[in-house]
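Novice: Build me a model:
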Amino acid sequence: MIVSTHQPIFLPWPGFFFKAMKSDCMVLLDNVQYPRGRGWMNRNRLKGARGELWLTVPVYRKKRGLQCIQDVLICNDTRWAVKHLRGVRQSYANAPYRDSVFHAMERVYSRAHTKLVSVNLELIHMLKDALGVENRTLLQSEIGANGKGTDLIVDVCKRLGADTYLAFRPAEKYLDADKLEKGGIRVVYAPFSPPVYPQLWGDFIYNLSALDLALTCGPKSAQIIESCGEDR
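Specialist: Numbers count the residues shown, from 1 in each chain. Have a look, this model is predicted:
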């Protein structure tokens, strides 16, 4: 059994779904520390007439110290959801698959989310459907896995009965090969090159949210993502 892990980021990039497609189960690490500084947990990029279109979910961080991802609350004092939907509606008005994907996004945004992980998880499942990704996805908190670094990876694999852990090559420097070997876990590093596909609005921009891919390529998206692991 092949397992991969990833933080439950906001509107993930295509590489996230490539890992999901190449593994039997992806475990979303919701019981780890929320990253310091700017990252991808509550924001991501799309594309508009003027270039990058940033969507950000406001969250409470000040005076809350180190937070666990599953505990981070959304600041609903602003109309951030309305702003997101307006931006996507305007920027992707001519996208070939706008109607089906946008309506699915509207349904997610129509619900009253209080936790960031809640909206992120729903958007991940929405994109899995739109992109044609069918693997199993679980939360770390669901399987009760604990630990830090490689210890956490070993615990995740043991709880799921997995013998193989899939990662991208940059993760190699963070993994303890001896611990993995002692745990009976083989590591596979998946080759990945960001996909190039038809985009709206001029010059191509790499590594946007996979929502851009879903809106422009629809059912062809899975094949495009799959090809990211082939030699070029």
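Novice: now the farthest one out in the protein, which residue is it?
Specialist: Most distant from the centre of the chain: K182, at 29.7 Å, with distances by CA atoms, centre = their mean.
Novice: Next, the contact list for the nearest residue to H6 once chain neighbours are set aside, please.
Specialist: Of all residues not flanking H6 in the chain, F16 sits nearest, at 5.8 Å (CB to CB, 6 or more residues apart in numbering). Heads up, the C-betas are built off the backbone N, CA and C, glycines and all. By CB atoms under 8 Å, 6 or more residues apart in numbering, the residues touching F16 are 6, 9, 124, 210.
Novice: Number of residues surrounding the last one?
Specialist: So the one you mean is A210. Residues lying near A210 (other CB atoms under 10 Å) number 27.
Novice: I'd assumed F17 was in contact with it.
Specialist: Yes: counting by CB atoms under 8 Å, A210 touches F17, with 5.7 Å between them.
Novice: can you list residues touching both of these two?
Specialist: Common neighbours of A210 and F17 (CB under 8 Å, 6+ apart) are 127, 131, 225.
Novice: The last one reaches A20, doesn't it?
Specialist: When you say that, I think you mean I225. No: using CB under 8 Å, I225 is not in contact with A20; the gap is 9.2 Å.
Novice: pLDDT of stretch 190-207, averaged?
Specialist: Averaging pLDDT along stretch 190-207 gives 95.
Novice: Figure out the length between the terminal residues of that stretch.
Specialist: One end of stretch 190-207 sits 17 Å from the other (CA to CA, to the nearest Å).
Novice: hey, C-alpha coordinates of the lengthiest helix in the chain in PDB?
Specialist: For the chain, the helix with the greatest residue count under DSSP state H is helix 116-131. Coordinates of each C-alpha in helix 116-131 appear next as PDB, following Å, rounded to 0.1, in the frame of the first residue of the first chain:
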ATOM      1  CA  LEU A 116     -10.000  26.900   8.000                       C
ATOM      2  CA  VAL A 117      -9.500  23.100   7.800                       C
ATOM      3  CA  SER A 118     -13.200  22.700   7.100                       C
ATOM      4  CA  VAL A 119     -13.400  24.900   4.100                       C
ATOM      5  CA  ASN A 120     -10.000  23.700   2.800                       C
ATOM      6  CA  LEU A 121     -11.100  20.000   3.100                       C
ATOM      7  CA  GLU A 122     -14.300  20.700   1.200                       C
ATOM      8  CA  LEU A 123     -12.500  22.500  -1.600                       C
ATOM      9  CA  ILE A 124     -10.000  19.700  -1.800                       C
ATOM     10  CA  HIS A 125     -12.800  17.200  -2.300                       C
ATOM     11  CA  MET A 126     -14.500  19.600  -4.800                       C
ATOM     12  CA  LEU A 127     -11.300  19.800  -6.800                       C
ATOM     13  CA  LYS A 128     -10.800  16.000  -6.700                       C
ATOM     14  CA  ASP A 129     -14.200  15.600  -8.300                       C
ATOM     15  CA  ALA A 130     -13.500  18.300 -10.900                       C
ATOM     16  CA  LEU A 131     -10.100  16.900 -11.800                       C
END
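Novice: so how far is it from its chain's centroid?
Specialist: 8 Å (CA atoms, centre = their mean, to the nearest Å).
Novice: which helices and strands does that helix pack with?
Specialist: Here helix 116-131 touches helix 14-21, helix 98-109, strand 136-139, helix 210-217, helix 221-226, going by 3 or more CB pairs under 8 Å, 6 or more residues apart in numbering; DSSP states H and E.
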